[in-house]
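[1] need a structure here:
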Amino acid sequence: MIDVGLIDPDLMRVLFNLQGPEYTRVGGGFEIDPYPVFHRLRESGPVHPSTPGELIGFHGEAHFEGLPFPDRPHFSAFDFATCDAVVRDPETYSSSPHPPGSDEWAREVFMIQMDAGRHRRYRALVQPSFVPKRAHWWIDNWVAELVDALITRIQPNGRADLNIELFASIPMLTICASFGVGVADALAIRSTIVNAANSLDDTQAIATQAEFVRIVAPLVAARRTEPGDDLISVLVQAELTDDEGTHRLTDEEVLGFAFLLLAAGSGTTWKQMGITMLALLSHPRWLDRVRDEPSLLRNVIEESLRWMPTDPAFARFVTRDVVLGGVEMPAGSIIHVTFAAANRDPARWDRPDEFDPGRPSLPHLGFGGGPHVCLGMHVARAEMTTAISAVLERLPNIRLDPDAAPPRITGVYERGPTAVPVVWD
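    Numbers count the residues shown, from 1 in each chain. Predicted coordinates:
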């Protein structure tokens with residue numbers, strides 16, 4: 001049982017404030033709509049020198065995948081064909097900042113920065129828990145109960161900021177519950193992550209890892225003795241085959257995996273839920289259609305991911321001198337793959353700036369692409385579907401709160417709504 005009564009809304013506003021200090025490092029307060037600039041850049045060429053942030057007018061310090069690396073040349077791609085080609089060519093465009101084959105490259109501890117066979121082997125350990133047919137494992141074990149409890153908590157109030165009072169809790173508590181971590185400890189972990197991000201201090205980062213280890217290490221030890229139906233049990237029983245043979249993951253490897261899954265699982269999906277809900281509230285025709293035909297919600301979510309992904313860009317590291325989109329890029333430079341711009345490429349989509357869930361379905365880059373396509377994308381879809389379906393079913397006549405400040409989508413390298421203020425009857 002997930003005790004949502006332990007969730008303090010005031011604390012959640014601090015821990016999930018898109019304009020707070022944690023998000024300053026990714027341009028959280030940036031208000032300008034980047035899409036008109038993306039269009040102008042794409043029209044003048046698929047690849048441009050500099051970073052996406054600088055090209056749209058953000059000149060603050062940024063810490064994200066591929067940033068800051070001030071001593072390396074930076075380039076950005078803006079059309080779908082080029083972005084798709086980059087993420088599908090890890091030999092030329094590596095996820096690791098280190099030269100392929102180097103000692104540092106071989107010692108990468110985070111799967112998101114691994115390449116080639118090592119990435120495939122590590123990803124294969126947890127991939128079975130994240131495939132589409134396992135979505136109901138997540139829903140039945142954790143998501144459905146959590147969504148039900150959170151909506152029951154706010155239902156009598158008649159109004160809420162869904163960003164804080166619903167969406168932010170779902171991915172964080174789902175992934176923590178799948179480890180066996182309770183609400184209080186989940187909030188403690190999130191607090192240390194926010195503190196570390198706010199300070200950009202190595203000491204705080206170490207403290208975050210130490211807090212996570214304090215909470216999760218006993219669970220790892222317990223699951224080695226008595227496995228259960230949870231994600232830690234999957235990790236402790238997984239077998240990795242490498243040059244030294246086949247072996248179980250060490251405690252340090254299990255904890256590293258779990259921390260990466262927590263960071264990825266709790267950091268993005270809640271913002272995409274907010275974007276999707278705002279899109280529906282701003283397009284009443286589609287809100288009514290989804291109420292009448294709930295299966296259309298799948299199209300709505302996919303269109304939301306295309307139309308406005310919460311992660312607009314990711315980076316790859318160029319391993320050799322190459323010409324991309326007519327631009328020469330030396331080995332060691334960084335190419336920023338601007339998924340948000342690629343997803344509105346008029347060469348691929350008609351009327352790309354319109355939110356239209358009825359458009360023909362085409363693969364998009366809302367979850368990235370290639371070997372590093374988002375591991376948890378099917379769980380994210382399940383969380384969004386479950387949460388938004390329950391909102392529409394249980395909060396009748398839901399609409400934007402006319403007395404609240406109009407919500408805005410802000411940010412550079414992570415984008416999301418400032419709030420999702422709603423009322424219902």
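[2] near residue 63, how many other residues are there?
    Neighbour count of residue 63, defined by other Cβ atoms under 10 Å: 12. Backbone N, C-alpha and C define where each C-beta goes, glycine included.
[3] what's the answer for residue 221, then?
    Residues lying near residue 221 (other Cβ under 10 Å) number 12.
[4] dump the residue contacts of it.
    residue 251 (Cβ atoms under 8 Å, 6 or more residues apart in numbering).
[5] pLDDT score for residue 203?
    As predicted, residue 203 sits at a pLDDT of 66.
[6] same check, this time on the one 4 residues further on
    Looking at residue 207, its pLDDT stands at 69.
[7] same for the helix or strand hosting residue 178, what does it pack against?
    Following DSSP states H and E, one finds residue 178 within helix 169-179. Other elements packing on helix 169-179 under the criterion 3 or more Cβ pairs under 8 Å, 6 or more residues apart in numbering; DSSP states H and E are helix 144-154, helix 183-199, helix 231-237, helix 251-267, helix 269-282, helix 377-394.
[8] now the most centrally placed residue in the chain. Its backbone dihedrals?
    Geometric centre of the chain, nearest residue: residue 268, 3.1 Å, by Cα atoms, centre = their mean. Backbone torsions of residue 268, given as degrees, to the nearest 10, read phi -120, psi -40.
[9] list the residues that contact it.
    Applying Cβ under 8 Å, 6+ apart to residue 268 gives the contacts 171, 310-311, 380, 414.
[10] before we move on, the earlier item: nearest to residue 75, out of the helices and strands packed on helix 169-179?
    Among the helices and strands packed on helix 169-179, the nearest to residue 75 by Cβ to Cβ is helix 251-267 (25.4 Å).
[11] what angle sits between that closest one and helix 377-394?
    Using axes from the mean of the first three to the mean of the last three Cα atoms, to 10 degrees, the direction of helix 251-267 lies 40 degrees away from that of helix 377-394.
[12] quick one: list the elements packing against helix 251-267.
    helix 116-126, helix 169-179, helix 183-199, helix 202-225, helix 231-237.
[13] what's the angle between that helix and helix 169-179?
    160 degrees.
[14] give the buried residues for helix 251-267.
    Judged by neighbour count using 16 or more other Cβ atoms under 10 Å, the buried positions of helix 251-267 are 253-267.
[15] and what of stretch 389-405?
    For stretch 389-405, by 16+ other Cβ under 10 Å, it's 390-392, 395, 398, 400-401.
[16] isn't residue 154 right next to residue 169, touching?
    No: at 10.9 Å, residue 154 does not count as touching residue 169 under the criterion of Cβ atoms under 8 Å.
[17] and those two? Which one has more around it.
    Higher neighbour count among residue 154 and residue 169: residue 169, with 27 against 21, using other Cβ under 10 Å.
[18] now do the contacts for that one.
    If you count contacts by Cβ under 8 Å, 6+ apart, then residue 169 has 4, 7, 12, 146, 150, 270 around it.
[19] so residue 93 touches residue 319, yeah?
    Yes: if you go by Cβ under 8 Å, residue 93 and residue 319 touch, sitting 7.2 Å apart.
[20] about what we covered before: need the contacts of residue 268 in CSV with distance to residue 20, pLDDT and neighbour count, can you?
    Output for these, formatted as CSV (distance: Cβ to Cβ, whole Å; pLDDT from 0 to 100; neighbours: other Cβ atoms under 10 Å):
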residue, distance to residue 20, pLDDT, neighbour count
171, 18, 94, 28
310, 16, 95, 24
311, 18, 94, 23
380, 23, 95, 27
414, 12, 92, 21
